[in-house]
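1. after the sequence you'll find the predicted model.
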Amino acid sequence: MPWSERGRAVALRWWPLAALVGFMLWLGPSQAGNRKWLDLGVEAMILAGAATGLNVLVGSTGLLSLGHAGFFVAGGYAGAVLGPYLLGDGSVAPDFVVRNAPWFGPVFAVAVGAGLGAVLALACCHLRGFHLTVVTLAFGALVPAVVVLAADQLGGLGGRTVERIPDTRNAFLARGHTLAGVYYTSAVFLLIVLWLAWNLSRSRWGRALTAVRDAEVAARTSGIDPYRHRAAAFAMSAAVVAVAGWLSALRTLSVSSGSALDVQAESFRYVITVAVGGVGTLAGPVVGALLLTFGLGLDVVQQHLRDKLGLVFGVLALAVVALAPAGLVGAARQAPARRRPAPAPPVPVGESARKAPRSADENEPVPDGPVLSVRGLTRSFGGVAALDGLDLDVVAGSVHAVIGPNGSGKSTFVNVVTGVERATGGRVLLAGRDVTGLPAHRRAALGVARTFQGVRVWPRMGVVENVLAGAHVQGRAGPARCLLGLDRAEERRLRARAGELLGLVGLEARAGDRAGDLTLAEQRRLELARALAAEPVLLLLDEPLAGLDVAERERLVRLVRRLQAGGLTILLVEHHMETVLALADTVTVLHQGRKLAEGPPALVAANALVREAYLGPATAGGGR
Amino acid sequence: MTDLVQIIVSTATVGSALALVALGYSLVFSATGIVNFAQGPLLVVGGYGAYALTRAGLPIGVALVVAVLGTAAAGVAVEVVALRPLRRFDAATDVGWVLTTFAAGLVAVDLVRIGVDASPHALPPLVGSVFGRQVWQVAGVAVTPTDVVIVAATLALVVAVDVTLRATPFGRALRAVAQDREAATLVGVDARVVVTGAFALAGALAAVAAVLLAPKVFVRLENGLVLGLQAFVAAVLGGLGSARGALAGGYVVAAVSAVARTVSPSGSRYEFVAVFALFLVTLAFRPTGLLGGRVMEKV
């Protein structure tokens, strides 16, 4: 890509954020004498930080919290009351910590926020999204009740003043000006939060969260545990909001929860901030916060709408959803496709691009015996058995085809082997290990990868990102490393490999596109690259030819041959007889959930029983 | 003994009102697969609506009828402003409709606050006396005709809704739309009418609950949040989408909160904590509800 064009893309991506940060840095010194504007600036930055925290949840996971103000209050109490209390006189902490105790407030805020968030999330992140919303709503309503119960320590509904607060007179550029000190402290907080959010968005964890949001089944079979990732995202966002609460205590020198309705309104303020700016964008929450804070800070607005905030926020939310569902930042980027990151480096066309995938366990040799064996595998829906006591072995390095008429149990077989559906009887053994009770993501980690009959790429992610998310089990970076940007070396390695795989499936030219913009045939090949990115031991292809034309079919057949030559074990579920006969080493014919025949393709094709069951008694000819 | 009777009376009355609101959640969930976060605020609309009408001099019976009709209209308004503009919003998540229904509720409560009043109010009882008696004393607990009316009216309404769902064309249409909106449309069901009807019915039920419960707990703005949440817990506990489940859930939630209120030394403060705990336990172990075997998600 020429530099000018690339530079333009980068500028488009970054100008809103750069302009906003510039504005905030200008506001501080220029309005140092103006308490009102400086204070609004502090409020805007705290709100922007809190909303960015919430956006980690809403934008990446698609879960909406209406109780995050509860974490704000909890963080305020933890950081400005509990922290100084624990680190006060008689504390065993090191001298340096005790002397600067109030500055360690954020540590307590993070701990309490993340802890509370994790507890709430663990209770409901296995359910549909709205359950979480109601739990957060209830949590927000509970906070004032708790504050009242512990009125002695927390001061009841009116809150309490904070006694020991960090000395911000000389912090940063403040020069004896306390409010300016708070201003620059907030600025540092906001910049750190933005940096963390940016790191997360382009990391292994960020991709995993998006993958879970957009196609959960595909995420599970790529080795991503939806429950754990959602819960972690919730805890992270709660922690950020808690620190914002500590900052707010710094600003007002008090902590209070207000009534249940106040907590609800405040929580909704964060949500509307994110929605106005643009859900899932980095600059969105900052734009929203500036707009809301300074907009409502105008004298004329204060005069007329001061006591009608519920109405204002509610109407704003309805208007945004109806008129600009992507928010202001989203609407400003006219072509959403521009948001994709720069394409991966061009793939070298040579031996490395053409080589077959590595075996998943390069250290461990693949044991002798079948890679996959199932024994007595049964899956019933009510009284109907889609699989009925199936025994089957897939030999290492072979292409094993499973065929059968519609309704013979082929898809159920793939789902039960990959863990998408639970077996109701029998066992699934992977290289001798019993995986029957393991969820899909654990099986993926053990080397089971698949494609889907109805393609399930992540449409809003880039093509490279799809492959990278498929390589989830090949990465090691945990949430901390992702947030702090310490995953670069691993990212480079995964990206290089993703480029190779895209070259292998012939998608290198589309590496920078959105997956949703690809044709069906391209999406099928992308799914293949995604599955290969996990460096699987066993690859299941679920009707990979469905909907493809002749040329595309031939292309896919060549690809499968190449993978087979590289030593990969492939289980092919397919309707298309010619392909099966051409590719498979062994063919198993399913009929009504049972094995009808098994053997080399030529023998099976000649089997009269098979012809009758598969093609129907009256049909002649060798394919659909 | 007094405590026990108190718990029973409170469970029966508050539980009935919760059941009516929970039924509203269930109906809308059945028809659309979404949870109407404005259901609690509709309770506020109904309550303050009836209050404004009685303040203007109307008898409570008339006020109830008008409030029910008005709140049904408000329910339809929620559907119009919250659901219809959703088409362009990200459909991969629940964010869009949660945001809009909640926002609609927020607007509704603020309109009530600005247009009517913000302070709590009592409403006159719907029935002053039965056979000349204004109050019965049961083991030292006062039971009023209103208490009896709440329970009787709720049972009648739940049975009516249950029968409607099972045996009328509207009920069949609603169940058809719930299972597969497109297929229902193909066989001639007007899905939009069904959805709008569900929202109207949900609003009407909320207004009935608000007016019936007003002599006991006042009409107040917080009810939208607090009672709305408790009713949602009831709906989930009984199984979202089940009318009888809503009834059972309402009584269970009311019983838990009545017991918590009685046994805790500081009065009503642990009430909500207990309900919240009940909710978390339900979600962790029986997310489809005690009565519901309903599959919540198609894979």
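-> The structure has been received and is ready for your questions.
2. going forward, measure contacts between C-alpha atoms and count neighbours the same way
-> Noted.
3. outline the domain layout of chain A.
-> When chain A is parsed with automatic domain parsing, its domains come out as A:41-261, A:367-447+A:536-615.
4. quick one, which of those is nearest to B:A56?
-> When those are compared by Cα to Cα, domain A:41-261 sits nearest B:A56, at 28.1 Å.
5. next one: the closest one to chain centre, how far?
-> Its chain's C-alpha centre and that of domain A:41-261 lie 20 Å apart, by Cα atoms, centre = their mean, to the nearest Å.
6. and if you look at stretch B:36-51?
-> With Cα atoms, centre = their mean, you get 9 Å for stretch B:36-51.
7. render the CA-only coordinates of that stretch in CSV, please.
-> Taking C-alpha atoms only, stretch B:36-51 is exported to CSV below (Å, rounded to 0.1, in the frame of the first residue of the first chain):
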residue,chain,number,x,y,z
ASN,B,36,-39.5,-5.1,28.3
PHE,B,37,-37.3,-3.0,30.6
ALA,B,38,-40.1,-0.4,30.7
GLN,B,39,-42.4,-2.8,32.4
GLY,B,40,-41.5,-1.4,35.9
PRO,B,41,-42.0,2.2,34.8
LEU,B,42,-45.5,1.3,33.4
LEU,B,43,-46.3,0.5,37.0
VAL,B,44,-45.4,4.1,37.8
VAL,B,45,-47.4,5.4,34.9
GLY,B,46,-50.5,3.5,36.0
GLY,B,47,-50.2,4.4,39.6
TYR,B,48,-49.6,8.1,39.1
GLY,B,49,-52.2,8.2,36.4
ALA,B,50,-54.8,6.9,38.7
TYR,B,51,-53.6,9.3,41.4
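8. and it, what's buried?
-> B:36-51 (16 or more other Cα atoms under 10 Å in any protein chain shown).
9. can you verify A:R213 is assigned to a helix?
-> Yes: counting by DSSP: H, G, I helix; E, B strand; the rest coil, one finds A:R213 located in a helix.
10. buried set for stretch A:315-325?
-> Neighbour-count burial for stretch A:315-325 [16+ other Cα under 10 Å]: A:315-322, A:324-325.
11. within reach of chain B, which of these are there?
-> With Cα under 8 Å from any Cα of the partner chain as the criterion, these include A:315, A:317-318, A:321-322, A:325 near chain B.
12. quick one: least confident helix or strand in the chain?
-> Went with chain A since none was named. Taking mean pLDDT, DSSP states H and E as the measure, chain A has helix A:351-354 as its least confident helix or strand, at a mean of 40.
13. let me rephrase: I mean chain B.
-> Sorting the helices and strands of chain B by mean pLDDT, DSSP H and E puts strand B:136-138 at the bottom, at a mean of 74.
14. roughly how far is that strand from the heart of the chain?
-> For strand B:136-138, the distance to the chain centre is 28 Å (Cα atoms, centre = their mean).
15. and it, what other elements does it pack with?
-> With contacts defined as 3 or more Cα pairs under 8 Å, 6 or more residues apart in numbering or on different chains; DSSP states H and E, strand B:136-138 has these neighbours: strand B:141-143.
16. before we move on, back to that, please identify which of the ones next to chain B among the buried residues of stretch A:315-325 is nearest to A:L194.
-> Using Cα to Cα, these come closest to A:L194 at A:P325, 22.4 Å.
17. against A:S373, how distant is A:I403?
-> The gap separating A:I403 from A:S373 is 17 Å, by Cα to Cα, to the nearest Å.
18. next: A:A534.
-> In terms of Cα to Cα, A:A534 sits 21 Å off from A:S373.
19. so between these two, which is more surrounded?
-> A:A534 (31 against 21; other Cα atoms under 10 Å in any protein chain shown).
20. pretty sure that one is touching A:L468, no?
-> No: A:A534 is beyond contact range of A:L468, at 9.0 Å (criterion: Cα atoms under 8 Å).
21. low-confidence bits of the stretch 201-350 of chain A, can you list those?
-> A:334-350 (pLDDT under 70).
22. next up, phi/psi of whichever residue of the stretch 151-299 of chain B sits closest to chain A, please.
-> Here the residue of the stretch 151-299 of chain B nearest chain A is B:A284; by Cα to the nearest Cα that distance is 5.7 Å. Backbone torsions for B:A284, taken as degrees, to the nearest 10, come to phi -70, psi -40.
23. the residue nearest to it when sequence neighbours are not counted: which element?
-> Excluding the flanking residues, the one nearest B:A284 by Cα to Cα, 6 or more residues apart in numbering or on different chains is A:A123, at 5.7 Å. A:A123 belongs to helix A:105-124 when elements are defined using DSSP states H and E.
24. likewise for B:T154?
-> Per DSSP H and E, B:T154 falls inside helix B:145-167.
25. just the CA coordinates for the helix holding A:A123, please, in PDB.
-> Output in PDB follows, covering the C-alpha atoms of helix A:105-124 (Å, rounded to 0.1, in the frame of the first residue of the first chain):
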ATOM      1  CA  GLY A 105      -6.400   4.300  46.300                       C
ATOM      2  CA  PRO A 106      -6.700   3.000  42.800                       C
ATOM      3  CA  VAL A 107      -5.200  -0.300  43.800                       C
ATOM      4  CA  PHE A 108      -8.000  -0.800  46.300                       C
ATOM      5  CA  ALA A 109     -10.500   0.500  43.800                       C
ATOM      6  CA  VAL A 110      -9.300  -2.000  41.200                       C
ATOM      7  CA  ALA A 111      -9.300  -4.900  43.600                       C
ATOM      8  CA  VAL A 112     -12.800  -4.200  44.900                       C
ATOM      9  CA  GLY A 113     -14.300  -3.300  41.500                       C
ATOM     10  CA  ALA A 114     -12.800  -6.400  39.800                       C
ATOM     11  CA  GLY A 115     -13.800  -8.600  42.600                       C
ATOM     12  CA  LEU A 116     -17.400  -7.500  42.700                       C
ATOM     13  CA  GLY A 117     -17.600  -7.600  39.000                       C
ATOM     14  CA  ALA A 118     -16.300 -11.100  38.800                       C
ATOM     15  CA  VAL A 119     -18.800 -12.300  41.400                       C
ATOM     16  CA  LEU A 120     -21.700 -10.800  39.500                       C
ATOM     17  CA  ALA A 121     -20.500 -12.000  36.200                       C
ATOM     18  CA  LEU A 122     -19.900 -15.600  37.300                       C
ATOM     19  CA  ALA A 123     -23.500 -15.800  38.400                       C
ATOM     20  CA  CYS A 124     -25.000 -15.000  35.000                       C
END
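26. columns secondary structure on top of the buried residues of stretch A:315-325, output as JSON lines?
-> Listed next are those as JSON lines, based on three-state DSSP:
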{"residue": "A:V315", "secondary structure": "helix"}
{"residue": "A:L316", "secondary structure": "helix"}
{"residue": "A:A317", "secondary structure": "helix"}
{"residue": "A:L318", "secondary structure": "helix"}
{"residue": "A:A319", "secondary structure": "helix"}
{"residue": "A:V320", "secondary structure": "helix"}
{"residue": "A:V321", "secondary structure": "helix"}
{"residue": "A:A322", "secondary structure": "helix"}
{"residue": "A:A324", "secondary structure": "coil"}
{"residue": "A:P325", "secondary structure": "coil"}
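27. from these, pick the one nearest B:H121.
-> Of those, the one sitting nearest to B:H121 (Cα to Cα) turns out to be A:V315, at 27.1 Å.
28. how about A:A449: which residues does it bridge to?
-> With DSSP bridges as the criterion, A:A449 is bridged to A:L539.
29. without its sequence neighbours, what residue ends up closest to A:R561?
-> Among residues not flanking A:R561 along the chain, A:L583 sits closest, at 7.2 Å (Cα to Cα, 6+ apart).
30. didn't the one you found look like it was pressed against A:L556?
-> No: assessed by Cα under 8 Å, A:L583 is found out of contact with A:L556, at 10.8 Å.
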